[in-house]
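Chemist: From the sequence below, what's the structure:
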Amino acid sequence: MHRSKYRILYRTVHTYAGACNKALPVPAISSRRLPQGERRRFVEEFRPVTTPTFLRAPLTRALLLAGLALLAAGCEPEDAANAQPAAPPPPQVGVRSLAPQSVALSTELPGRTVAYRRAEVRPQVDGIIQQRLFEEGAAVEAGEPLYQIDPAVYQAAVKAARAELERAEATLKASSTKVRRYRELIGRNAVSQQDYDDMVAAQAEDAADVAAAEAQLERARIDLEYTVVTAPIGGRIGRSAITEGALVTANQATPLSTITQLDPIYVDVTQSSAELLRTRRAIASGEISVSPSGEVPVELVVDATGGSYPHEGRVQFSEVLVDESTGTVSLRAVFPNPDGELMPGLFVRARVSQGEARNAFLVPQAALVRGSDGGAYVWIVGEGDTVSRRPVTVRRAVGGDWLVTEGLSAGERLVVDGLQRVRPDAAVTPVPLDGDGQAAAASPAS
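Modeler: Numbering: from 1, shown residues only. Purely as a prediction, here's the structure:
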């Protein structure tokens with residue numbers, strides 16, 4: 001009975017193997033696991049090609065189940081084993097549509113503030129300082145009295161000069177009267193021509209003495225006026241170098257004080273001579289347009305505070321000589337300074353306008369690649385959503401972008417994100433990005 005049962009089970013296994021187009025291997029039911037007495041009969045009855053005489057001894061249920069499990073695992077469709085893996089989809093890249101635009105160009109140059117005017121106050125006559133007439137650090141107007149020098153000596157000089165002028169005028173009056181008389185007498189031959197000529201010459205000398213006396217009196221008056229030392233310019237006056245009672249001399253080396261005019265104020269900056277030449281050539285060729293008035297606006301950033309100065313300035317002039325040691329050119333700008341916020345000597349950064357570039361493209365710095373030869377190129381998505389490498393001409397950096405003047409056309413799609421996933425002539429899935437680098441609302445979500 002057991003033998004018939006096992007024979008039926010074997011035929012079932014053999015039939016399952018045939019449905020799977022597989023031959024039933026003899027080792028699938030190993031004779032080594034049979035009892036010693038049944039092994040010979042197992043080998044004899046298991047040999048036929050057709051359904052063999054089944055086992056004469058009982059096999060364990062576990063052995064038969066193990067054979068079925070092996071057959072089930074091996075019965076797999078050949079097509080599934082030989083199928084190729086599906087090709088991956090094209091990589092997604094962020095693109096931005098290019099559009100030409102006019103770009104305002106400027107350059108940031110280091111510089112330092114310089115006083116608009118600076119005057120040292122010095123005495124022009126000798127004397128003792130009697131009084132200081134200003135407050136140190138105050139604002140003064142041009143012509144305002146600052147010091148009073150003892151005027152006694154100069155008042156006396158004025159009086160002496162006036163007396164000398166009166167004497168000369170009296171002498172001239174007498175000689176003029178004689179000339180008129182001699183003119184009448186010479187007509188009657190009462191005096192010689194020589195005497196008349198001598199009298200005319202004496203009158204001329206007396207007139208010259210009067211002119212000299214007048215000039216001396218004027219000089220004395222000027223010296224008297226100089227005893228009051230006045231402000232040569234308006235501005236803010238510094239500390240006083242002398243006090244009352246000090247002796248001062250004309251044209252002394254030490255100034256009495258210093259006046260600085262702060263409104264307006266100069267800013268001197270330096271620019272590379274090469275950059276200046278490139279800008280001038282671009283303006284001459286029409287690549288950069290400037291204001292019709294020719295004025296160049298300047299913005300200011302104060303290094304001490306890091307903030308922008310609220311008033312705009314203008315470039316006044318540029319030097320015509322290049323510094324041989326640095327290769328730079330000096331420019332001077334003038335700024336209004338009504339509140340006195342800027343002081344001479346401050347380090348500043350000036351943003352100097354260089355005009356406007358027309359029909360230019362701004363490319364994000366992350367989208368531009370430098371080749372091994374130093375040349376710049378970008379990736380452009382063309383027809384069929386394939387990418388190609390495009391050489392471009394870069395002029396300069398503008399904020400976080402590169403200013404590209406050649407190599408791009410309006411409407412082209414520039415790869416700005418996912419550059420590491422692109423290959424020349426490879427297909428991609430372009431995802432339009434907005435100005436902030438985010439996927440546009442109309443684009444599919446990645």
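
Chemist: tell me which residues in stretch 306-317 are buried?
Modeler: For stretch 306-317, a neighbour-count test (16 or more other C-beta atoms under 10 Å) marks 309, 311, 313, 315 as buried. Placement of C-beta: from N, CA and C, glycine included.

Chemist: cool, and stretch 188-195?
Modeler: Buried, per 16+ other C-beta under 10 Å, within stretch 188-195: V191.

Chemist: cool, and stretch 166-174?
Modeler: 168, 171-172.

Chemist: The chain - how does it break down into domains?
Modeler: 2-82, 94-99+368-432, 105-114+259-358, 122-257 (automatic domain parsing).

Chemist: of all these, which lies closest to P88?
Modeler: domain 94-99+368-432 (11.0 Å; C-beta to C-beta).

Chemist: At the geometric centre of this structure, which residue do we find?
Modeler: Among the residues of the chain, the one closest to the centroid is E108, at 3.8 Å (C-alpha atoms, centre = their mean).

Chemist: correct me, but that one touches A350?
Modeler: Yes. The pair E108 and A350 qualifies as a contact (C-beta atoms under 8 Å) at a distance of 7.1 Å.

Chemist: quick one on the thing from earlier: want to throw the domains of the chain into CSV with distance to P88 and mean pLDDT?
Modeler: Output for those, formatted as CSV (distance: least, C-beta to C-beta, whole Å; pLDDT from 0 to 100):
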stretch, distance to P88, mean pLDDT
domain 2-82, 20, 49
domain 94-99+368-432, 11, 89
domain 105-114+259-358, 42, 85
domain 122-257, 75, 92
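
Chemist: what are the ranges of the strands in the stretch 301-446 of the chain?
Modeler: Shown for the stretch 301-446 of the chain, the strands assigned by DSSP state E, counting those that start in this stretch span residues 313-318, 328-335, 347-364, 369-370, 376-381, 387-391, 393-398, 401-406, 413-417, 429-432.

Chemist: right, and the ones you listed - which one's nearest A138?
Modeler: Nearest to A138, of all the strands of the stretch 301-446 of the chain, is strand 328-335, at 23.2 Å by C-beta to C-beta.

Chemist: Return the set of buried residues in stretch 315-331.
Modeler: 315, 322, 328-329, 331.

Chemist: Out of the residues you listed, which two sit at the greatest distance?
Modeler: Using C-beta to C-beta, the pair of the buried residues of stretch 315-331 lying farthest apart is V315 and V322, separated by 17.3 Å.

Chemist: Let me see the contact set for S106.
Modeler: 299, 351-354 (C-beta atoms under 8 Å, 6 or more residues apart in numbering).

Chemist: Distance to P145 and neighbour count for those residues - can I get that in CSV?
Modeler: Formatted as CSV, these follow (distance: C-beta to C-beta, whole Å; neighbours: other C-beta atoms under 10 Å):
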residue, distance to P145, neighbour count
E299, 41, 19
R351, 43, 15
V352, 42, 21
S353, 44, 19
Q354, 48, 22
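
Chemist: Now I259. Its backbone dihedrals?
Modeler: The phi/psi pair for I259 (degrees, to the nearest 10) reads phi -110, psi 130.

Chemist: if I pick S97, what's in contact with it?
Modeler: Applying C-beta under 8 Å, 6+ apart, we find S97 in contact with 411-414, 432.

Chemist: Would you mark the buried spots in the longest strand along the chain?
Modeler: In the chain, with assignment by DSSP state E, the single longest strand is strand 101-121. If you call a residue buried by 16+ other C-beta under 10 Å, then strand 101-121 has these buried ones: 103, 105-107, 109, 111, 113, 115-117, 119, 121.

Chemist: Repeat that for stretch 349-363.
Modeler: Here stretch 349-363 shows 349-350, 352-355, 357, 360-363 as buried, counting by 16+ other C-beta under 10 Å.

Chemist: all helices for the stretch 51-200 of the chain, in order.
Modeler: 61-74, 78-82, 152-187, 193-226 (DSSP state H, counting those that start in this stretch).

Chemist: can you pull the contacts of the residue nearest to G375 when sequence neighbours are not counted?
Modeler: In space, and not counting its chain neighbours, G375 is closest to P391: 6.0 Å by C-beta to C-beta, 6 or more residues apart in numbering. By C-beta under 8 Å, 6+ apart, P391 lies in contact with 375-377, 407.

Chemist: T227 now?
Modeler: 125, 127, 148-151, 154.

Chemist: what's it sitting at in phi/psi?
Modeler: Dihedral angles (degrees, to the nearest 10) for T227: phi -70, psi -20.

Chemist: how close does it sit to T258?
Modeler: Separation of T227 from T258 (C-beta to C-beta, to the nearest Å) stands at 21 Å.

Chemist: got it, and G345?
Modeler: 13 Å.

Chemist: Compare neighbour counts for the two and give me the winner.
Modeler: Neighbour totals were compared for G345 and T258, and T258 leads with 17 against 9 (other C-beta atoms under 10 Å).

Chemist: and the closest residue in space to the more buried one that isn't next to it in sequence, how many neighbours does it have?
Modeler: The shortest distance from T258 to any non-neighbouring residue, by C-beta to C-beta, 6+ apart, is to G238 (4.6 Å). Using other C-beta under 10 Å, G238 has 15 neighbouring residues.

Chemist: Was I right to think G238 contacts E135?
Modeler: No. Here G238 does not reach E135: they are 11.4 Å apart, not a contact under C-beta under 8 Å.

Chemist: nearest to G187, of the buried residues of stretch 306-317?
Modeler: Distance to G187, by C-beta to C-beta, is smallest for V315 among those, at 76.7 Å.

Chemist: quick one, what contacts that closest one?
Modeler: Going by C-beta under 8 Å, 6+ apart, V315 touches 295-296, 298, 331-333, 352.
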